[in-house]
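**Q** Provide a 3D model corresponding to the input given below.
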Amino acid sequence: MSEVMNKHVPVRTCVICRAKKPKALLLRYTCPQNRAGRPIPDPQGARQGRGFYVCPEKACAEKIDRFRGWIHKCKGVL
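**A** Model prediction:
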């Protein structure tokens, strides 16, 4: 029997457009050390700490600079 096992694929939500996509297709950002900082890109997904995900699509990527919701996403860390 050569049945292909269905592997679990982690799904995350883009904080800008709220689209649910596989984790591998999204860009991860981690929380800065203080509120004056900016979210830190984490392309390898290896940084410790709280993070959030954004679509690589042009519309979402352009809005991340103006996105202030990361302060809420980093609640308890800052």
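**Q** for A59, which non-adjacent residue is spatially closest?
**A** In space, and not counting its chain neighbours, A59 is closest to C17: 7.2 Å by CB to CB, 6 or more residues apart in numbering. The C-beta positions use only the backbone N, C-alpha and C, and glycine is treated the same way.
**Q** identify the residues contacting that neighbour.
**A** Listed by CB atoms under 8 Å, 6 or more residues apart in numbering, the contact set of C17 reads C55, E57, A59, C60.
**Q** now G51
**A** By CB under 8 Å, 6+ apart, G51 lies in contact with R28, Y29, T30, C31, D42.
**Q** quick one: contacts for the residue nearest to P41 when sequence neighbours are not counted?
**A** Excluding the flanking residues, the one nearest P41 by CB to CB, 6+ apart is Y29, at 5.8 Å. Applying CB under 8 Å, 6+ apart to Y29 gives the contacts P39, I40, P41, D42, G51, F52, Y53, V54, I64, W70.
**Q** Y29 belongs to a strand?
**A** Yes: according to DSSP: H, G, I helix; E, B strand; the rest coil, Y29 belongs to a strand.
**Q** any idea how far it is from Q44?
**A** Counting by CB to CB, to the nearest Å, the gap from Y29 to Q44 is 12 Å.
**Q** brilliant, that's me finished.
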